[in-house]
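Predicted model, plus sequence, below.
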Amino acid sequence: MKMPRKPPTLDELQRTVAASADNRWWSFRRLMDLHMAIGSPLRGKYLHWDKLRRYPPPEGFSHEEWWCVIKSARQMQAKGTPLSDEKGRSFAYVLADPIPEALHKIDQGAGGYIRMPDQITNPDTRDQYYVNSLVQEAITSSQLEGAATTRAVAKEMIRTGRTPDDRSEQMILNNFRTMQQVGRLKEEPLTKQIILDLHRIATEKTLADEFGAGRFRGTNESVVVADMYNEVFHTPLPAEQLEERMAAMCDFANGKTPGEFIHPVLRSIILHFWLAYDHPFVDGNGRVARALFYWSMLRHGFWLFEFVSISQIILKAPIKYARAFLYTETDDNDLTYFILHQLDVIGRAIQELHEYIERKTAKLHAAESRLHGLMGLNHRERELISHALRHPHQQYTIRSHQMSHNVVYQTARTDLLDLESRGLLSSRKIGKTWHFTPVPDLEDRLSRLD
């Protein structure tokens, strides 16, 4: 990835435009004519100078004049934030199209009392989707940071609870535990200690220097964001400023600043950018930044984000993710680029969740259809397995099965033992009573039955 070309400043543009015209009045008229010709400069694609200069400008005008009009309109509409760069210049954003519409869709589809499929609202199946989302986010967030373990192996490790075999597996397990901790902390205000604790969990046993876990980088630790060819894209501010800047970030995260309203989703996205920009840790900054985004979304009532994975979307186009940071830094700290990118990621992540639920629902229906076509099972067994598909944590006893179907003890016992022999139920004795539970891969087992 190449560093995007830095745009000329507005002062430079105005001097260039004035120099190319006969006089200042004429240059002003030209810019006004251009403004009228292109309509609202905040509509359409929010292009960075690096891209805009590759497009043909409006007929009769230069790229510099075109950018001057666009940049002027953006600055007039910009809303400041408490985040600033090394020179004290604030980061700001513009509510350009399609930001308001995207925020409205998230409000409608990720918080409050939205209508969701039974699998998520049903307490018996909700945990399956919750754990799957944590696993998905843990894996893809780690892969963004260089983890090389396959998804199948990572899922097996997390679900069985075995010890990680290498650094990649440790990163994924750490991220899984980090996301679990985020869920537990969603009602808590953000503090320095919470940030440090999240970093400690996310980086446990993965750092070259284990002393780096759960603390900010020191004054003697030089950290830059660079590619494999050592091209530096970002140099964080000095470590001496971290205590003050992290305190300011916590105030922002907790809604103490600024004095004006910022939509909660925008606040969460900016928090994500802020942690990544300040880069307070020697390693693990990206993972903590994304964890803080989830914390903020959940704290503001967007409960669907317990099930949404943004990292799986980012992983499909990591260069776009990195470029969104660079566009913001190189264009007068304009956060709009990063906000637009993240809103697109969020929208696609929500869509991925709905598609996943649809696939799982179709698979469930297929399993139930196949179940009713299995001649080897009697009607009582088919009804129990149908119930188990929708209640995977349900426990059945001979007595409960007997009562449900008004049969004698021996008939109920025969049914349950038959289902166990077919690999559809597992059993264990608690006290004097045998308890039967659905096997974890019940749907797959059904598909293999003749």
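On my side now, so go ahead. On a predicted model such as this, the values are computed, not experimentally measured, just so you know.

can you pull out the strands in the protein?
Ranges of strands in the chain, per DSSP state E, are 79-84, 90-93, 225-226, 232-234, 425-430, 433-438.

Tell me how far the longest helix along the chain lies from the chain's centre.
For the chain, the longest helix by residue count, based on DSSP state H, is helix 336-373. Distance of helix 336-373 from its chain centroid, counting by Cα atoms, centre = their mean, to the nearest Å, is 15 Å.

follow-up on the earlier one: for Asp278, find the nearest of the strands of the chain.
Proximity to Asp278 (Cβ to Cβ) singles out strand 79-84 among the strands of the chain, at 8.5 Å. All C-beta atoms are positioned from the backbone trio N, CA, C, and that covers glycine.

Would you indicate which residues of the closest one are buried?
79, 81-83 (16 or more other Cβ atoms under 10 Å).

now do stretch 180-192
Buried, per 16+ other Cβ under 10 Å, within stretch 180-192: 181-182, 185-186, 190.

quick one: which of the strands of the chain is nearest Leu207?
That would be, of the strands of the chain and by Cβ to Cβ, strand 225-226, which comes in at 17.1 Å.

Show me how the chain divides into domains.
10-77, 96-357, 388-448 (automatic domain parsing).

Just name the most buried of the ones you listed.
Mean neighbour count (mean count of other Cβ atoms under 10 Å) peaks for domain 96-357 among the domains of the chain, with a mean of 18.

And the pLDDT for the residue nearest to Leu275 when sequence neighbours are not counted?
Excluding the flanking residues, the one nearest Leu275 by Cβ to Cβ, 6 or more residues apart in numbering is Ala289, at 4.1 Å. The confidence metric pLDDT takes the value 97 at Ala289.

how about low-confidence regions in the chain?
For the chain, applying pLDDT under 70 flags the ranges 16-42, 111-125, 127-128, 228-229, 450.

rewinding a little: elements contacting the longest helix of the chain?
helix 99-110, helix 118-121, helix 123-144, helix 264-278, helix 311-314, helix 318-330, helix 379-390, helix 442-448 (3 or more Cβ pairs under 8 Å, 6 or more residues apart in numbering; DSSP states H and E).

could you dump those to a markdown table with distance to Lys6?
Listed next are these as a markdown table, based on distance: least, Cβ to Cβ, whole Å:
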| stretch | distance to Lys6 |
| --- | --- |
| helix 99-110 | 24 |
| helix 118-121 | 45 |
| helix 123-144 | 26 |
| helix 264-278 | 17 |
| helix 311-314 | 25 |
| helix 318-330 | 5 |
| helix 379-390 | 57 |
| helix 442-448 | 54 |
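
Ok, which of those helices comes nearest His401?
Checking the helices and strands packed on helix 336-373 against His401 by Cβ to Cβ gives helix 379-390 as the closest, at 6.6 Å.

and the angle from that closest one to strand 433-438?
70 degrees (axes from the mean of the first three to the mean of the last three Cα atoms, to 10 degrees).

what comes into contact with helix 379-390?
Contact with helix 379-390 is made by 118, 122, 124-125, 364, 367-368, 371-372, 374, 377, 394, 396, 401, 404-405, 407, 415, 418-419, 424-425, 438, 442-443, 446, as judged by Cβ atoms under 8 Å, 6 or more residues apart in numbering.

Please apply the same query to stretch 404-417.
Under the contact criterion Cβ under 8 Å, 6+ apart, stretch 404-417 has outside partners 378, 380-381, 383-384, 396, 398-399, 401-402, 425, 427, 434, 436.

Could you do stretch 197-204 as well?
For stretch 197-204, contacts defined as Cβ under 8 Å, 6+ apart pick out 170, 174-175, 177-178, 181-182, 212-215, 281, 283-284, 287-288, 291-292.

Okay, now stretch 218-234: how far is its last residue from its first?
Taking Cα to Cα, to the nearest Å, stretch 218-234 runs 18 Å from one end to the other.

whoops, I mixed them up, stretch 311-323
Start-to-end, stretch 311-323 (Cα to Cα) is 16 Å.

Show me how far it is from its chain's centre.
Distance of stretch 311-323 from the chain centroid (Cα atoms, centre = their mean) equals 11 Å.

what sits up against that stretch?
1, 4, 136-137, 140-141, 143-144, 233, 290, 341, 345, 348-349, 352.

ok, now with 7 Å
Residues from elsewhere that reach stretch 311-323, judged by Cβ atoms under 7 Å, 6 or more residues apart in numbering: 1, 4, 136-137, 140-141, 143-144, 290, 341, 345, 348-349, 352.

Quick check: the farthest pair among the residues you listed?
Across the contacts of stretch 311-323, the longest distance by Cβ to Cβ is 30.7 Å; it joins Pro4 and Gln136.

what residues are up against Phe293?
Phe293 makes contact with 268-269, 271-272, according to Cβ under 7 Å, 6+ apart.

How much space separates it from Arg43?
28 Å (Cβ to Cβ, to the nearest Å).
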